[in-house]
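A.B. asks: okay, sequence plus prediction incoming.
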Amino acid sequence: MPLQTYVQTVARTLHEEMRRDERVVVLGEDVGKRGGVFLATEGLYEAFGPDRVIDTPLSEAAIIGAAVGMAVHGLRPVAEIQFADYVFPGFDQLVSQVAKLRYRSGGAFSAPMVVRMPAGGGVKGGHHHSQNPETHFVHTPGLQVVYPSTPSDARGCLKTAVRGDDPVVFMEPKRLYRALKEDVPDDPDQLVPVGRAVRRREGGEVVLVSYGGSMAETLQAADALAAQGIGADVIDLRWLMPWDEALVLERVAAVGRVVLVSEAPHSVGMMSEVAATIAEEALDLLEAPPLRVSGFDTPYPYAQDRAYLPGRNRILHAVQQVLDY
Amino acid sequence: MPLQTYVQTVARTLHEEMRRDERVVVLGEDVGKRGGVFLATEGLYEAFGPDRVIDTPLSEAAIIGAAVGMAVHGLRPVAEIQFADYVFPGFDQLVSQVAKLRYRSGGAFSAPMVVRMPAGGGVKGGHHHSQNPETHFVHTPGLQVVYPSTPSDARGCLKTAVRGDDPVVFMEPKRLYRALKEDVPDDPDQLVPVGRAVRRREGGEVVLVSYGGSMAETLQAADALAAQGIGADVIDLRWLMPWDEALVLERVAAVGRVVLVSEAPHSVGMMSEVAATIAEEALDLLEAPPLRVSGFDTPYPYAQDRAYLPGRNRILHAVQQVLDY
Amino acid sequence: MIDEAGAWVGGFACDLDVPSLQAMYRHLLLARMVDERLVLLQRTGRSSFVAPSAGHEAAQVGIAYALRPGRDWIYPYYRDTALAIAVGWPLAELFGQMMGTRADPARGRQMPAHPGSRPLRMFTVASAIASHVPAAVGSAVAQKLRGDGDATVCTFGEGATSEGDWHAALNFAGAQGAPIVFACQNNGYAISVGMRQQTGSHNVAVKAHAYGMPGYLVDGMDVLACYYLMRELMAAARDGFGPALVEMLVYRYGPHSSADDDGVYRPAEEVAAWRERDPIPRFRRYLEGRGLWDEAREREAREQLAGEVDAAVAAARAAGEVPLEWMFDDVLSRPTPQLERQRERFRAARRAAGEDEGP
Amino acid sequence: MIDEAGAWVGGFACDLDVPSLQAMYRHLLLARMVDERLVLLQRTGRSSFVAPSAGHEAAQVGIAYALRPGRDWIYPYYRDTALAIAVGWPLAELFGQMMGTRADPARGRQMPAHPGSRPLRMFTVASAIASHVPAAVGSAVAQKLRGDGDATVCTFGEGATSEGDWHAALNFAGAQGAPIVFACQNNGYAISVGMRQQTGSHNVAVKAHAYGMPGYLVDGMDVLACYYLMRELMAAARDGFGPALVEMLVYRYGPHSSADDDGVYRPAEEVAAWRERDPIPRFRRYLEGRGLWDEAREREAREQLAGEVDAAVAAARAAGEVPLEWMFDDVLSRPTPQLERQRERFRAARRAAGEDEGP
Ligand SMILES: Cc1ncc(C[n+]2csc(CCOP(=O)(O)OP(=O)(O)O)c2C)c(N)n1
Ligand SMILES: Cc1ncc(C[n+]2csc(CCOP(=O)(O)OP(=O)(O)O)c2C)c(N)n1
Ligand SMILES: [Mg+2]
Ligand SMILES: [Mg+2]
């Protein structure tokens, strides 16, 4: 396969899945002729036409809500929310319908679908184009949540999501959309299993856990540590619900020190859950407190776009603290 | 003062505040002639008329959104969401407008308001009349969040909220609305400071932290422990954002064992944050892992209404585990 | 189509055959009887909630008869007891749902007044007002895409029309020309809030303009008027003429629900005046005028239906309580490790407390 | 009011005095020039984003002149650069906002194209489409309650009309009879999505029916038509006649934003045809016809305005960068202990890395 960016991989994967299964339909704002404002649906309209690539009115409630009825009718909708920040007008649909349908109908109905959304900061978009709302999804029972950090994972996770029997919130780190190219595998059935994390580095002195856009800074920090001769074990969670407790606990038990990196606001974030679980399950194996490096409890700022992110230096500072503890 | 139930106290407190300050207006579904479906606004319509007690159309976005413009214009709106579960159609307003207005306008505008909502289970209401969405609020920077568990606290916190300069999400545990009567203080200016928790019991063997509806079961558990000669220190958080880290850390440091009780779904709940903070700040003082007793990662069930709640026995089981550790 | 005295006033001849007309009437009767039984079950503590449908029966039965059950999709709301009955929802399932027993096809997951049935293509009701309307539109968009020649009907009260999700849904349906009929049962109140505070428009039907679809206003106390209008519109939708909005003027005779006291917000005379217009006697007068019904038939029907109701209640109760641990099922297609551990701890705590595993 | 050739075709005499007419024209000109400068600033990396308003100026200036600045409230959207300019937003603040410098009254908190001003009662723009419309209605409800005789205007594009929050807002305004005018700038596209996919209705104005308010359709390329209609409706709102919806037919000459490529979804001929209808030359023809404008005045005005723009850009840049730590302010009226600690850690990490405290 040729080298591909993240966003190209999304478009190609959708193309493959739509060719494979004619029940797969794409809907969202500007996903048709425009190919999506980030071009994540480029070429689909030309290939599959307006019935399967639907330019919707400007309403996230219509997009997510209609996907429920489509899924119940047997289609496999892949909805695009133009920015994760704009999921909120459709949030009632996600919470009240999508997440609860299987449960409340006793399994009579379910709504397998994918809700894709570019998320995260670092693109000078201000707080309405930079948020990381994963907490809202993870805390809503009935949803699967995934936030892949590489083109290959995007491909494997998207295929898993499209083919699965559950609703999946699929978050894409927009600042990595064109940041790197990868030699993406072309096996059409290579899936990333639900809930399975991956180790990106091996090392014995500290465990770094992250996901999504922050994997970039986390790996930079790990490389800086390696240059200093400090071995960091790096886990990319990928799936946030269910998340891979087993792997995290195994590595933390082995290493004893852990730093958790996520760019969402600090309070009640995904990493609060990971830290709480570690404290509950591995207290005696900890050599130092599990430290979180997060976004701040502020709306996402504009002028200080990069400073808001848990950058390399903030991660290294936390690592130093757990090493010195 | 005569003995008052929780819901009576809410109505009387609103009455006092509306009399005190003519800028205070109440709006919501059925808050007028009907006095609210729980009677939390009983008598207000008769006393203050349809201009200050507004029966709105059936739209939570209209309720919360209009409150923004009212607040900007100098009123002090108190909005009622009929059930916390129905905040979601208005969630975009809360996240995109209410929480961010002060920040995004650089302080030029702000939206001081109270958004009241009965929350929590135990009333055989199924998942659309039982949810505890506090995570969604606490994780949204720009909101204050409070969930008082007693009539007196409801009064003190509501006055603080109405008089403050910030938007406050005010959650009320509906299963306690009529469960107990209290001799509520009648000092018109007795406020509960923002962010201040309160100790409900003193004891040296385990700390129990909870808030809202679950305070009832938490106190039952503490009483059962006391009967066995085990002293439980009980903290009622009241405010969830900001929350009283200082008091929690002080008690945990003194006692070394802690159990955290909340009826919201387990993953990424308020108690994930409390546990993570304890692990970060008081690791070496812990004699046992901080255990959480929570609602489950399921939609709120109907038939098993009470079993879903973190009841006395589940709390006692967790206490036993931390004591035996 | 039939006036208050029961005379046919339609501009064409009624083409329903006699058995259908009689079945329609029996469905109206049955719905009213079920409603009364539900109120009783709630009062005696066997059920926790009722949303009475009395006064809405003609509208709902009219809708039901315009559908092709098992083909067209139905997206109902909580007051649609008569609709559910008339499309053939087994009464034992109905009472199972209302009492939360094992007879509930939804396994006791929701409060009473939340019908649903996969074989009948009846989407399970959700409490959150208007939240089902976008899903209904998705169903219709899928029908159009698949070209299967079916259509969808979606019901709600007039209060629902104020919600943003309702608007989003109708607007999308209009843009797509999707085969769906939106049937609003306007009873003048959303709990206590009357039409004047609900919206600035004089009626609901006019709101159709906003979506480029036709809007209709029909007497919801006239079962044949509702039936014929719905039949036309469902056929038009199936034939590719796109969506329509229907407003059916009805009245709810009872309180909003078992938790409501309607005396606070509406005058007794108003209720009494609408009682005069009760759709069931009105349709009976029509049938009697044609010699298709009489007192003997009435007595016989009531007896037989009462027997069916009794049997269904008994069956629903006999099915037994829903097991405690069903609470953990059906969240996703497979439980997460997180939920597995929560279930384990739940069991351990119960064991430690000497509680049994539940029914 | 003025035809394409610039002739007055109103049914009454234009009552605006000469200085106002000339000021109006200068505002149109200035807005276009600012727009061009913004595009330039973005291309040269001085700003990160532009939402061009070229083609919308007549609608926006018409609205602005119908307001009583500092009394009526304005709830604008991101494309309202000309509106902000015409109500008197200081250009240095405008460029400060666009470049995120200290000259921004909002302290560099939002991306470009987000005006706001407390003294002008201009609510700070939010990116989330239609999210400001309910707030605008709240403003009008408060005005009604306080009886202060003012009104509110709220603007948005036609795409915004599909959002649920938009509907919730208009419906509430209708039910309350609140003093507000909703002014929709319909440029035919929501990014790439045309009216046909946006809604089933033929136009936006007709949607007013759903809310029991009057709906108007006006040529948005005719500044006087926009002005007179808005003046009437604002006055009616202030006088207690309730809300109204206005649809102004405009065209956006540029791409949706600096991140867009409009060539993908609309034909060049369409853009060219609308260029022919440019509102600025059209109004100039009118003024020239009355002898109120000529080439010399044009040259002089352009020179003077260019000078103002240059000075404002320079002042906005000179104000300097926004300090790093302003990021932590204005979340609530006082920082939470949680945020205080986060700020402390942020400082500590920067110190440890040898980074300075920032500007
Ligand atoms: C989103 C949401 N908000 C509020 C409620 C509470 N509620 C239940 S029924 C109801 C009134 C509904 O009125 P209408 O739509 O006219 O239907 P009706 O009950 O009159 O048949 C309200 C406000 C709800 N269920 N969902
Ligand atoms: C809630 C929300 N969804 C999506 C977007 C992304 N978006 C920004 S502008 C736009 C199109 C708006 O079109 P319209 O309302 O017609 O205004 P115009 O830009 O044409 O003036 C979209 C979809 C957004 N800002 N907010
Ligand atoms: Mg109603
Ligand atoms: Mg537009």
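C.D. replies: Structure received. Numbers count the residues shown, from 1 in each chain, chains lettered A, B, ... in the order given. Ligands and ions are numbered 1, 2, ... in the order given.
A.B. asks: thought C:S20 was touching C:Y65?
C.D. replies: Yes. Between C:S20 and C:Y65 there is a contact under Cβ atoms under 8 Å: 7.4 Å. All C-beta atoms are positioned from the backbone trio N, CA, C, and that covers glycine.
A.B. asks: more neighbours: these two, which one.
C.D. replies: Neighbour comparison, C:S20 and C:Y65: the larger count goes to C:Y65, with 23 against 12 (by other Cβ atoms under 10 Å in any protein chain shown).
A.B. asks: residue contacts, the nearest residue to that one once chain neighbours are set aside?
C.D. replies: Nearest residue to C:Y65, sequence neighbours excluded (Cβ to Cβ, 6 or more residues apart in numbering or on different chains): C:Y227, at 5.0 Å. When contacts are counted by Cβ atoms under 8 Å, 6 or more residues apart in numbering or on different chains, C:Y227 is found next to C:L16, C:M24, C:V61, C:G62, C:I63, C:Y65, C:A66.
A.B. asks: how close does C:Y227 sit to chain D?
C.D. replies: Distance from C:Y227 to chain D, counting by Cβ to the nearest Cβ, to the nearest Å: 26 Å.
A.B. asks: which SSE is that residue in?
C.D. replies: helix C:223-238 (DSSP states H and E).
A.B. asks: list the buried ones in that helix?
C.D. replies: If you call a residue buried by 16 or more other Cβ atoms under 10 Å in any protein chain shown, then helix C:223-238 has these buried ones: C:223-231, C:233-234, C:236-238.
A.B. asks: and for stretch C:293-301?
C.D. replies: In stretch C:293-301, counting by 16+ other Cβ under 10 Å, buried: C:W293, C:R297, C:A301.
A.B. asks: name the nearest of these relative to B:G121.
C.D. replies: Nearest to B:G121 out of the buried residues of stretch C:293-301 is C:A301 (Cβ to Cβ; 42.2 Å).
A.B. asks: for that closest one, report the pLDDT, please.
C.D. replies: Predicted confidence (pLDDT) for C:A301: 98.
A.B. asks: likewise the one 5 residues further on?
C.D. replies: In the predicted model, C:A306 carries a pLDDT score of 98.
A.B. asks: now swap in the one 3 residues further on and tell me
C.D. replies: On pLDDT, C:V309 comes in at 98.
A.B. asks: next: A:D186.
C.D. replies: pLDDT at A:D186 comes out at 88.
A.B. asks: got the phi and psi for it?
C.D. replies: Main-chain torsions, A:D186, degrees, to the nearest 10: phi -110, psi 10.
A.B. asks: C:I180 too?
C.D. replies: According to degrees, to the nearest 10, C:I180 has phi -150, psi 140.
A.B. asks: give me every residue that touches it.
C.D. replies: Counting by Cβ under 8 Å, 6+ apart, C:I180 has contacts C:A136, C:V137, C:S139, C:A140, C:A151, C:T152, C:V153, C:C154, C:A173, C:A237, C:P243.
A.B. asks: on that earlier part again, looking at the contacts of C:Y227, spot the one nearest ligand 4.
C.D. replies: Within those, proximity to ligand 4 (Cβ to the ion) peaks at C:I63, which comes in at 37.6 Å.
A.B. asks: hang on, the closest one packs against C:M230?
C.D. replies: Yes. Taking Cβ under 8 Å as the definition, C:I63 is a contact partner of C:M230 at 5.2 Å.
A.B. asks: name the helices or strands packed onto the helix or strand harbouring A:E217?
C.D. replies: A:E217 belongs to helix A:215-227 when assigned by DSSP H and E. Using 3 or more Cβ pairs under 8 Å, 6 or more residues apart in numbering or on different chains; DSSP states H and E, the elements in contact with helix A:215-227 are strand A:198-201, strand A:206-210, strand A:232-236, helix A:312-324.
A.B. asks: that's all I had, so thanks and see you.
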